[in-house]
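Visitor: below are the sequence and a predicted model; questions follow.
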Amino acid sequence: MFCSLTSLHRHRDNHYHTSRKCLLCNLFLSEHENSRNHLLNAHNIQRPMTCRCCDWIFLSNMEYCHHRMFLKGTRTDSSYPLVLNEYPPGFHYGEESKWLDEPKEILVKWQMQTLNKMIPSNSPIFTASSSETVSPVSTSSSRAPATKKGFMIKDILGSSE
């Protein structure tokens with residue numbers, strides 16, 4: 001048990017029980033590497049925002065808000081996170097999640113495609129961990145180009161056909 005919500009968040013920020021992938025450099029982070037420190041040291045990103053329903057990390061509060069609005073159904077697109085993990089949206093809220101099922105399913109599909117995307121072995125950023133694949137965490141008891149900051153539902157649904 002944690003004495004406060006802040007203690008729980010600090011614990012989740014520093015103890016990793018899932019694979020985490022930086023979408024800026026397309027590499028999986030080591031189990032000892034803090035996501036925020038990676039963003040600061042490798043990409044000079046000062047104040048990223050963490051979504052507490054899934055622990056995905058976004059560039060700014062605005063992009064984080066777009067993510068939450070998409071999950072609530074009040075927005076038709078979602079921002080790309082900077083660091084992605086295996087937790088689906090709403091995972092940390094459990095059964096009482098207020099998010100709509102359809103947006104969650106769309107984000108989980110995109111999440112799995114993105115986490116399992118391989119880096120070509122001839123790429124200068126390829127490492128052994130680049131070829132890892134992941135599966136979604138059970139819910140039962142390359143960042144996009146700079147010109148594109150998020151994705152639309154049709155981007156996800158159209159990619160499987």
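Guide: In hand now; what should we look at?
Visitor: and residue 119, what pLDDT?
Guide: Each residue has a pLDDT score; the one for residue 119 is 48.
Visitor: also the one 4 residues further on?
Guide: Reading off the confidence values, residue 123 has pLDDT 38.
Visitor: need the pLDDT of residue 64.
Guide: For residue 64, the predicted pLDDT is 91.
Visitor: and the host helix or strand of it, what's buried?
Guide: In this structure, residue 64 sits in helix 61-72 according to DSSP states H and E. For helix 61-72, burial by neighbour count (16 or more other CB atoms under 10 Å) applies to 63, 64, 66, 67, 68, 69, 70, 71. The C-beta positions use only the backbone N, C-alpha and C, and glycine is treated the same way.
Visitor: paired strands for the next helix or strand after that helix, with orientation please.
Guide: Counting by DSSP H and E, the next helix or strand C-terminal to helix 61-72 is strand 77-79. The strands that strand 77-79 pairs with in its sheet are strand 150-152 (antiparallel) (by DSSP bridges).
Visitor: what's the average pLDDT for the strand it pairs with?
Guide: Strand 150-152 comes out at a mean pLDDT of 57.
Visitor: now do stretch 24-44
Guide: 89.
Visitor: which parts of the longest helix seen in the chain count as buried, going by neighbours?
Guide: Counting residues, the longest helix found in the chain (DSSP state H) is helix 101-115. Going by neighbour count (16+ other CB under 10 Å), the buried part of helix 101-115 is 103, 104, 106, 107, 108, 110, 111, 112, 114, 115.
Visitor: using a markdown table, lay out those together with distance to residue 57 and pLDDT.
Guide: Converted to a markdown table, those look like this (distance: CB to CB, whole Å; pLDDT from 0 to 100):
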| residue | distance to residue 57 | pLDDT |
| --- | --- | --- |
| 103 | 19 | 88 |
| 104 | 18 | 85 |
| 106 | 19 | 89 |
| 107 | 14 | 89 |
| 108 | 17 | 88 |
| 110 | 16 | 89 |
| 111 | 13 | 88 |
| 112 | 18 | 87 |
| 114 | 14 | 88 |
| 115 | 14 | 84 |
